[in-house]
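In: Show me how the following folds:
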Amino acid sequence: MKSVLLIGLGRFGRHMAGKLRELHHEVLAVDRNEQRVNDILPLVTNAQIGDSTNEQFIASLGVRNFDLCVVAIGDDFQSSLETTALLKEHGAPFVLARAARDVHAKFLLRNGADDVIYPEKQMASWAAVRYSADHIFDYIELTDNHSIFETAVPASWVGKTIVELAVRQKYHINVLATKHNSNLEPLPGPTHCFRPDETIFILGSNRDAQKFLNL
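Out: Numbers count the residues shown, from 1 in each chain. Next comes the predicted model:
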């Protein structure tokens, strides 16, 4: 269990609060809008109405005692920037800030954010890969050069094993897991025989994975 300070209770902040609750973390939620604070109370440990650009208010929160501080303000970049800087000035150990544009991310990092999340850009990238090909069911970008893809078992693989296909040697990818009828089998062994209604999770460089997927 971690203690989280969540500042900004718009759509993104509210969804994050719900997930943090599901993960059993302690959350103090903050927003200057009283209605948003009242609405979030069932999802968090505690909530306060306050202006996060006010230094006295930030000082009163004891931010150095939180494992994670999240600046989820999305509609006021100036407030997001000032809040991020104040959190670090008052000893917040780790600040995660939300950005809406590339330039926002750069300024947030320069003003103390330990990391920046860019939900619109990240979701757009995921959706472009996921929905531009019928045979990709999910996609996780690990780095700029490596990703995990969930895809259908190629017809030519059905009835053959991993070792027979020489998957790693021929395609330069790793099969991390298979899924059949919603049952996941992590790290299938070399004798795993592929079935026609099975999906696979592959890991590799984007270049090798895209070549395999014929993207």
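In: got the contact list for the spatially closest residue to Arg14 that is not a sequence neighbour?
Out: Closest residue in space to Arg14, ignoring its immediate chain neighbours: Ile40 at 6.3 Å, by Cβ to Cβ, 6 or more residues apart in numbering. Quick note: C-beta positions are derived from backbone N, CA and C, even for glycine. The contact partners of Ile40, by Cβ atoms under 8 Å, 6 or more residues apart in numbering, come to Leu9, Gly13, Arg14, Ala17, Ala29, Asp31, Ala47.
In: looking at the residues you listed, which has the most residues close by?
Out: Highest neighbour count within the contacts of Ile40, by other Cβ atoms under 10 Å: Ala29, with 28 neighbours.
In: Quick check: that residue vs Leu9, distance?
Out: 6 Å (Cβ to Cβ, to the nearest Å).
In: got any residues that touch both of those two?
Out: Ala17, Val37, Ile40.
In: Which single one of those is nearest to Glu120?
Out: The closest of the shared contacts of Ala29 and Leu9 to Glu120 turns out to be Ala17 (Cβ to Cβ; 19.1 Å).
In: Quickly list what Ile202 is bridged to.
Out: Counting by DSSP bridges, Ile202 is bridged to Phe149, Val175.
In: looking at it, it is touching Ala177, isn't it?
Out: No: under the criterion of Cβ atoms under 8 Å, Ile202 makes no contact with Ala177, lying 9.3 Å away.
In: Please enumerate residues in contact with the helix or strand of the chain with the lowest mean pLDDT?
Out: The helix or strand of the chain with the poorest confidence is helix 119-131; it has a mean of 81 (mean pLDDT, DSSP states H and E). Outside helix 119-131, the residues that touch it by Cβ under 8 Å, 6+ apart are Phe12, Arg98, Ala100, Asp102, Ile136, Phe137, Asp138, Tyr139, Glu141.
In: Good, wrapping up.
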